[in-house]
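Asker: fold the following for me, if possible:
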Amino acid sequence: MWRYTSVRRVIVLVISLSITLTILTLTSLFLSTRNSFEENISLTATRVVCSLGKPLVTLSWQNATGTTISLQRRMTTFEKANDLKGVILSNSSSTLYTDAAFDDSYAQGIYYYRAIILKKEIPVAFSEVISVAIPLCTLKRVDVDMAITATSVDRVPSKNTPIRPTTTSEPKAPPLPAKASTSLVVIKSSSSPPVVQSSTAIQAHTAFPSWMKWGAYVGWQPNNMSAFESLVGKAPQLEAVFSHWGNDDFPTIYNERVRDKGRTLVIFWEAVDYTRPYFNQPEYSFDSVINGSLDAYFIRYAKDAKQYSGEIILIPYSEFNGDWYPWAITIGDNTPEKFRAAWVHIHTIFKQTGATNVKFGWAPNGTSVPDTSENNFELYYPGSQYVDVVGVDIFNFNNDWMSFDQMGRDTLLKMRKYGKPTYVFSLGAAENSKKASWITETFTKTLYQYPEIKGWIWFNENKEEDWRVNSSQASLEAFKKMLP
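Answerer: Numbering: from 1, shown residues only. Below you'll find the model as predicted:
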């Protein structure tokens, strides 16, 4: 019996020593690597967007050699250093992750993220905690189209300093230049050069110019347009929609809603998959277009557009002179030469398919961001035989309130040299006490100085700002009053 007792004691002793040695080894490993890992790991929130009514938060980091990462998300801060609850990503060797795990009951507010550094699947250190302001997302497919974008967000040094989504795009919100001291309008005379007058000298009218068509973007839900028509009391001639290369074939759902009512369908055709981070999609790059990788998709889209048979204005790469889309020249290895080559490639496919009902619309933003000579929107012009109409997007933000001319005059005047029909493809103004008078001034006065503008589209969404015509009763009445 004593032999068995001794054996048991030896076994217990060996196990105890093994456990102690393991603990000491792990502790030594943790202590020896913790500082170096914490110095090397830099967790960053690079993008916050809304998609289908829920937030998407893109996070990035750099892994130390031989380590993996788990990510935590909490609505409260991490009170204990070794708290391992709230893991949303486990043992990943990647350096990029999009958090799409928000349920239907998520709340708007500050959320906290932290990376757990793993060595052989064992936690050895933690990153600094970062905080991110999560917006309230509504159930609109175009939430990503007007993505709330945070570019180059630095690591937050304090848990009390949240990363806030900026309002510089999604898609219509670029930073604007400083206000001019006076509002100027260029009136083209029979002789050169143009005559410049102050806006106060322009005669006011009761409605917008009769030579212009008007339209609206009202979202993707089928009943939105009928509700908008009831709201303003008139039926638009143009209807704008968004379509994405990574998600959508040609939108035949608009056959009855648009074509059969004699409207022109304006498609913002975006080279992205809206369910993924925008800036890591090489399959939709200029290079992929030029080398023919997307030809099958383009041919199918062109055939469906031809079969649609109604008038279409197709706008690839809108706002290409901004810095909030992956097709901008300021992003990666994009160049104006690649932009033009990709445009010509797509245009050629539509022409060969016989989709003569499709007009190609070339649409820079009203202001180049960054406003540099290298980012001059004129560098992107593909050539007159590849462009049917030109246009701009103009949005008036509360943080830098401007007249229509102050935002779009320079771009519109430069576009005159192309000799193409011109449109304001997206137009909106933020709600404030000046909005109603801004609507009246723009439509009954300022637009009369632009005979080349053949139409405009009001962006009727409550997004970065409340662009809707009914953001207030005064704004709605001003909008209704200027409709013919």
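Asker: burial count for the closest residue to D99 other than its chain neighbours?
Answerer: Distances taken as CB to CB, 6 or more residues apart in numbering put V57 closest to D99, at 4.3 Å, once the chain neighbours are dropped. C-beta coordinates here come from the backbone N, C-alpha and C atoms, glycine included. Neighbour count of V57, defined by other CB atoms under 10 Å: 24.
Asker: with S92 instead?
Answerer: Count around S92 with other CB under 10 Å applied: 16.
Asker: distance check, the closest residue to it other than its chain neighbours against L294.
Answerer: Take S92 and drop its neighbours on the chain: the residue closest to it by CB to CB, 6+ apart is I69, 5.3 Å away. In this view, I69 and L294 are 33 Å apart by CB to CB, to the nearest Å.
Asker: also F286?
Answerer: Between F286 and L294 the computed distance is 11 Å (CB to CB).
Asker: which helices and strands sit right next to whichever strand or helix holds T46?
Answerer: Assigning secondary structure by DSSP states H and E places T46 in strand 44-51. Packing contacts for strand 44-51, counted by 3 or more CB pairs under 8 Å, 6 or more residues apart in numbering; DSSP states H and E, involve strand 54-60, strand 130-134.
Asker: distance to V389 and mean pLDDT added to those, as a markdown table?
Answerer: Supplementary listing: the helices and strands packed on strand 44-51 in a markdown table, determined by distance: least, CB to CB, whole Å; pLDDT from 0 to 100:
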| stretch | distance to V389 | mean pLDDT |
| --- | --- | --- |
| strand 54-60 | 33 | 80 |
| strand 130-134 | 39 | 81 |
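Asker: for P484, which of the ones you listed is the nearest?
Answerer: P484 lies closest to strand 54-60 among the helices and strands packed on strand 44-51, at 40.9 Å (CB to CB).
Asker: adjacent strands (with direction) for the very next helix or strand once past that closest one?
Answerer: As assigned by DSSP H and E, the chain's next helix or strand after strand 54-60 is strand 68-74. Note on strand 68-74: by DSSP bridges, its sheet partners are strand 87-92 (antiparallel), strand 109-119 (antiparallel).
Asker: about what we covered before: dump the helices and strands packed on strand 44-51 into JSON lines; add distance to R340 as well.
Answerer: Listed next are the helices and strands packed on strand 44-51 as JSON lines, based on distance: least, CB to CB, whole Å:
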{"stretch": "strand 54-60", "distance to R340": "30"}
{"stretch": "strand 130-134", "distance to R340": "38"}
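Asker: hmm, back to that, averaged pLDDT, the strand holding T46. What do you get?
Answerer: The average pLDDT for strand 44-51 rounds to 76.
Asker: can we start the residue count at 31 from this point?
Answerer: I'll keep to 31 as the first residue from here, and by that count the last item is strand 74-81.
Asker: distance from it to the middle of the chain?
Answerer: 11 Å (CA atoms, centre = their mean, to the nearest Å).
Asker: swap in stretch 252-266?
Answerer: The chain centre lies 26 Å from the centre of stretch 252-266; the measure is CA atoms, centre = their mean.
Asker: can I get it as CSV, trimmed to CA atoms?
Answerer: The C-alpha coordinates for stretch 252-266 follow below in CSV (Å, rounded to 0.1, in the frame of the first residue of the first chain):
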residue,chain,number,x,y,z
PRO,A,252,-40.6,52.3,-53.5
ASN,A,253,-43.1,54.7,-52.0
ASN,A,254,-40.8,57.6,-51.3
MET,A,255,-41.3,59.4,-54.6
SER,A,256,-45.1,59.3,-54.4
ALA,A,257,-44.8,60.7,-50.9
PHE,A,258,-42.5,63.4,-52.1
GLU,A,259,-44.8,64.4,-54.9
SER,A,260,-47.7,64.7,-52.4
LEU,A,261,-45.5,66.8,-50.2
VAL,A,262,-44.5,69.4,-52.9
GLY,A,263,-47.6,69.1,-55.1
LYS,A,264,-45.7,68.5,-58.3
ALA,A,265,-44.1,65.6,-60.2
PRO,A,266,-40.4,65.8,-61.0
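Asker: what does that stretch contact?
Answerer: Residues from elsewhere that reach stretch 252-266, judged by CB atoms under 8 Å, 6 or more residues apart in numbering: 244-246, 248, 269, 283, 287, 291, 293, 490, 499-500, 506, 509-510, 513.
Asker: separate out the buried members of the residues you listed.
Answerer: Burial by neighbour count, judged by 16 or more other CB atoms under 10 Å, picks out W244, G245, A246, V248, E269, R287, R293, N490, V499, N500, L506, F509 from the contacts of stretch 252-266.
Asker: got those residues as JSON lines, with pLDDT columns?
Answerer: Below are those laid out as JSON lines (pLDDT from 0 to 100):
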{"residue": "W244", "pLDDT": "98"}
{"residue": "G245", "pLDDT": "97"}
{"residue": "A246", "pLDDT": "98"}
{"residue": "V248", "pLDDT": "95"}
{"residue": "E269", "pLDDT": "97"}
{"residue": "R287", "pLDDT": "85"}
{"residue": "R293", "pLDDT": "95"}
{"residue": "N490", "pLDDT": "97"}
{"residue": "V499", "pLDDT": "97"}
{"residue": "N500", "pLDDT": "97"}
{"residue": "L506", "pLDDT": "98"}
{"residue": "F509", "pLDDT": "98"}
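Asker: now these in a markdown table, with distance to P356?
Answerer: Listed next are the buried ones among the contacts of stretch 252-266 as a markdown table, based on distance: CB to CB, whole Å:
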| residue | distance to P356 |
| --- | --- |
| W244 | 31 |
| G245 | 27 |
| A246 | 27 |
| V248 | 26 |
| E269 | 26 |
| R287 | 30 |
| R293 | 30 |
| N490 | 26 |
| V499 | 31 |
| N500 | 34 |
| L506 | 36 |
| F509 | 34 |
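Asker: farthest pair within these?
Answerer: Using CB to CB, the pair of the buried ones among the contacts of stretch 252-266 lying farthest apart is R287 and L506, separated by 23.1 Å.
Asker: show me the shaky parts of this protein.
Answerer: Filtered on pLDDT under 70, the chain yields the residue ranges 31-71, 81-83, 93, 107-112, 134-136, 138, 168-232.
Asker: can you show me the helices along it?
Answerer: Ranges of helices within the chain are 32-70, 254-262, 284-287, 316-320, 325-338, 366-383, 434-445, 465-474, 503-512, based on DSSP state H.
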